[in-house]
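>>> Provide a 3D model corresponding to the input given below.
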Amino acid sequence: MTFDANRPVTVVTGASSGIGRSTARALLERGRRVIGVGRDPSRCADAEEELAGVGPFVMVRGDFTLMAEVERVAATIRELAPRLDVLINNAGGVRDRRIVTAEGTEATFAANHLAPFLLTRELMPVLRASAADLPPGSVRVITVSSSAHRIGTGLDWDDLQSLRGFHTAVAYGRAKLAGILFTRELARRAASDGIVAQAMHPGRVATNFASHGDAAMREHMAAADTVPPGEPAETLVWLATDPEGGRGAGRYFHRREEETPAETALDERAAARLWTESERLLARLGH
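Next up, the predicted model:
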């Protein structure tokens, strides 16, 4: 399937289950064309079978702990869609221990920050071209962060990936802090192109998200106040389609309301430095 340029197209990562799958379905029901990205072959096949029956949907498979896979996914998306209105960076995860990938990155940092950073960078030519033909604010990049960004005192520039002294919650919190800082710097850099970037916190959601986390993380995510994935999906769809999502770039939302993130997430110098450090790390990896 190749999407034409006459109808809005949205990319949703992590679309094989949970929040991403609910978001993809809701967008399809609104008449959007959707490209989903997922990792697990079985879940991807199941999601594609279900969602293709709702509307124009195709699933692209890739492991977002590996940057080579992210680049391949981006290339496939560029082939599928000459127009791209919204990119929803939803995929992520948490690990119960330090895992170093075959590329030498730490898996939590790679999946939660480096992958959306690289995917967004690789799709920017399509996003810019689409924005040039649409009213300002129509083209959006939405990144799923977490209240976990409030853990700790900020990024460790001497150990950005938490490769030393790894702690599950701290590493995850830093990666999600990186997501907000990335959003704020992207909002600044993409403003002249008419592209808006926003971040959001989904809440404690009843999904398989924490299945690879440690016991404390699994217990936290299984608490009684969890919400179904459809709830944060509503906020993502709202940010993707409502005029409010196209105004005031660089904001942080929860349940369709703007919230003030931690002070560490408002540090513009840290946001600019993270962008530079991320580019430097990707260059060392050959990307």
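>>> can you map out the helices along the stretch 151-287 of the chain?
For the stretch 151-287 of the chain, the helices defined by DSSP state H, counting those that start in this stretch cover 168-190, 215-221, 230-241, 268-284.
>>> Quickly compare these and say which is most buried.
Looking across the helices of the stretch 151-287 of the chain with neighbours counted as mean count of other C-beta atoms under 10 Å, the highest average goes to helix 168-190: a mean of 24. Placement of C-beta: from N, CA and C, glycine included.
>>> What angle do helix 268-284 and it make with each other?
On the basis of axes from the mean of the first three to the mean of the last three C-alpha atoms, to 10 degrees, helix 168-190 is oriented at 100 degrees to helix 268-284.
>>> now the helices of the stretch 151-287 of the chain as TSV including mean pLDDT and distance to residue 79?
As requested, these are exported to TSV (pLDDT from 0 to 100; distance: least, C-beta to C-beta, whole Å):
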stretch	mean pLDDT	distance to residue 79
helix 168-190	97	23
helix 215-221	51	36
helix 230-241	96	22
helix 268-284	98	22
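>>> got the ones you listed as CSV, with distance to residue 143 columns?
Below are these laid out as CSV (distance: least, C-beta to C-beta, whole Å):
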stretch, distance to residue 143
helix 168-190, 5
helix 215-221, 20
helix 230-241, 10
helix 268-284, 13
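>>> Any idea which of these gets closest to residue 251?
Using C-beta to C-beta as the measure, helix 168-190 is the one of those that comes nearest residue 251, at 8.4 Å.
>>> Report the backbone C-alpha coordinates of that closest one in PDB.
This file holds the C-alpha atoms of helix 168-190, laid out as PDB (Å, rounded to 0.1, in the frame of the first residue of the first chain):
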ATOM      1  CA  THR A 168      15.900   0.800  36.400                       C
ATOM      2  CA  ALA A 169      13.700   3.700  37.600                       C
ATOM      3  CA  VAL A 170      16.500   6.300  37.300                       C
ATOM      4  CA  ALA A 171      17.500   5.200  33.800                       C
ATOM      5  CA  TYR A 172      13.800   5.200  32.700                       C
ATOM      6  CA  GLY A 173      13.200   8.600  34.300                       C
ATOM      7  CA  ARG A 174      16.200  10.100  32.500                       C
ATOM      8  CA  ALA A 175      15.100   8.700  29.200                       C
ATOM      9  CA  LYS A 176      11.700  10.200  29.600                       C
ATOM     10  CA  LEU A 177      13.200  13.500  30.700                       C
ATOM     11  CA  ALA A 178      15.100  13.400  27.500                       C
ATOM     12  CA  GLY A 179      11.800  13.000  25.600                       C
ATOM     13  CA  ILE A 180      10.600  16.400  27.000                       C
ATOM     14  CA  LEU A 181      13.900  18.200  26.400                       C
ATOM     15  CA  PHE A 182      13.900  16.800  22.800                       C
ATOM     16  CA  THR A 183      10.400  18.000  22.300                       C
ATOM     17  CA  ARG A 184      11.200  21.500  23.500                       C
ATOM     18  CA  GLU A 185      14.300  21.800  21.300                       C
ATOM     19  CA  LEU A 186      12.500  20.300  18.300                       C
ATOM     20  CA  ALA A 187       9.700  22.900  18.800                       C
ATOM     21  CA  ARG A 188      12.300  25.700  18.700                       C
ATOM     22  CA  ARG A 189      14.100  24.300  15.600                       C
ATOM     23  CA  ALA A 190      11.000  23.400  13.600                       C
END
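>>> OK, contacts around the most centrally placed residue in the chain?
Nearest to the geometric centre of the chain sits residue 89, at 1.9 Å (C-alpha atoms, centre = their mean). Residues near residue 89 by C-beta atoms under 8 Å, 6 or more residues apart in numbering: 13, 116, 119-120, 141-144, 179.
>>> which one is it nearest to, not counting chain neighbours?
Using C-beta to C-beta, 6 or more residues apart in numbering and skipping residues adjacent in sequence, the residue nearest residue 89 is residue 116, 3.6 Å away.
>>> For stretch 119-139, could you pull out the residues that count as buried?
Across stretch 119-139, burial judged by 16 or more other C-beta atoms under 10 Å covers 119-124, 126-128, 130-131, 137-139.
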